[in-house]
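Engineer: Only the shape, not the letters, is given here:
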């Protein structure tokens, strides 16, 4: 009896020791997310955390929020962030200027934003002399505002830029602090519900269907020294994107928790983004889309023609390819990602 008890205790101790060693061996990853709080389109890292997709890859992730993709990019370049989400334009600028970062994938490759304006603004030309809310010069919303202005022959000199956070844009439109802003789908739904005479001047995916929206980036030196870690990070994120399409209720639940918006607006947003295939289930980095977006940055003046990065300088496609293989291979059979 005593011998059996000793054996049981030894087995329990061994199991506990193995569990403790496994817990201690989890790799810590600091992940920069670009909006505080996130919008629905930014939800994949939160899905990966909540559904333990990071944990399955033996990763202990800390999500650190920023106010805009340019700030997360600065955090990546400065050090302290292992991977970060940003929009494509600052990622392209970083590659063009030799910042030492690489794009590894994307949480959303398709534009899903709209420019909302006050009710008396009926055309692009009506923006002249009006107040446009932006984060800062060079930020995603500012560059897209510049693209809208350029479509009717205007420039930033023809409008008044008003610095305002992503979260503050809806309140700014409602109060009249600003006349126009680039909003995410969920923000546009909430804003129009509260102020019906706000107009959607343009849904940006219509004139800019080839604009690559977002990117996950990481320092090149870290990728080179920790290749398997980055494959595992991207595997968790691929699984998160795929989970979203087949699990609306849970996705909406998690999105409500983090976005701090009501379930009705989140549900409507989910339907719009999911039907558009906003979250890529495969690489999400087609060469023609990347090339078009780089050329657009030259056209809008964010980089010079001589600075244009090649696809290979901007992107390390091998990481996401390995992650897709680890996640079970490429998905096919749906027009949203075929």
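Structural biologist: Now that the structure is in, tell me what you want to look at. Nothing here was measured: the structure is a model prediction, and the numbers come from that model. Numbers count the residues shown, from 1 in each chain.
Engineer: Let me see the contact set for the residue nearest to residue 309 when sequence neighbours are not counted.
Structural biologist: Leaving aside its sequence neighbours, residue 309 sits nearest to residue 95 (C-beta to C-beta, 6 or more residues apart in numbering; 4.0 Å). Quick note: C-beta positions are derived from backbone N, CA and C, even for glycine. Residues near residue 95 by C-beta atoms under 8 Å, 6 or more residues apart in numbering: 101-103, 309, 313-314.
Engineer: Now residue 201: which helix or strand?
Structural biologist: Per DSSP states H and E: residue 201 is located in strand 199-203.
Engineer: Mind listing what's buried along that strand?
Structural biologist: 199, 201-202 (16 or more other C-beta atoms under 10 Å).
Engineer: hmm, back to that, sort out for me which of the contacts of residue 95 are in helices.
Structural biologist: 313-314 (DSSP state H).
Engineer: buried subset of the contacts of residue 95?
Structural biologist: 101-103, 309, 314.
Engineer: Now do the SS call for residue 85.
Structural biologist: Under DSSP: H, G, I helix; E, B strand; the rest coil, residue 85 falls in the strand class.
Engineer: now what about the strand holding residue 201, what contacts it?
Structural biologist: Strand 199-203 is contacted from outside by 114-119, 121-124, 127, 148, 180, 188, 192, using C-beta under 8 Å, 6+ apart.
Engineer: again, 7 Å this time
Structural biologist: With contacts defined as C-beta atoms under 7 Å, 6 or more residues apart in numbering, strand 199-203 is touched by 114-117, 119, 121, 124, 148, 188.
Engineer: cool, stretch 48-60 as well?
Structural biologist: So stretch 48-60 is contacted by 25-29, 61, 63, 232-233, 235-237, 239-240, 243, 254 (C-beta under 7 Å, 6+ apart).
Engineer: nearest to residue 223, of those residues?
Structural biologist: residue 233 (10.3 Å; C-beta to C-beta).
Engineer: Could you report the neighbour count for the closest residue to that closest one other than its chain neighbours?
Structural biologist: Nearest residue to residue 233, sequence neighbours excluded (C-beta to C-beta, 6+ apart): residue 83, at 5.9 Å. Around residue 83 there are 25 other residues, counting by other C-beta atoms under 10 Å.
Engineer: Residue 83: what's it in contact with?
Structural biologist: Residues in contact with residue 83 (C-beta under 7 Å, 6+ apart) are 29, 31, 216, 218, 233.
Engineer: Tell me the pLDDT of it.
Structural biologist: The model reports residue 83 with a pLDDT of 95.
Engineer: next one: the one 3 residues further on
Structural biologist: Model confidence at residue 86, expressed as pLDDT, equals 90.
Engineer: Pretty sure it sits against residue 212.
Structural biologist: No: using C-beta atoms under 7 Å, residue 86 is not in contact with residue 212; the gap is 11.6 Å.
Engineer: now the end-to-end length of stretch 202-210.
Structural biologist: End-to-end span of stretch 202-210 (C-alpha to C-alpha, to the nearest Å): 16 Å.
Engineer: buried ones in that stretch?
Structural biologist: Buried residues in stretch 202-210 (16+ other C-beta under 10 Å): 202, 204-205, 208, 210.
Engineer: Kindly report the same for stretch 35-54.
Structural biologist: Neighbour-count burial for stretch 35-54 [16+ other C-beta under 10 Å]: 35, 38-51, 53-54.
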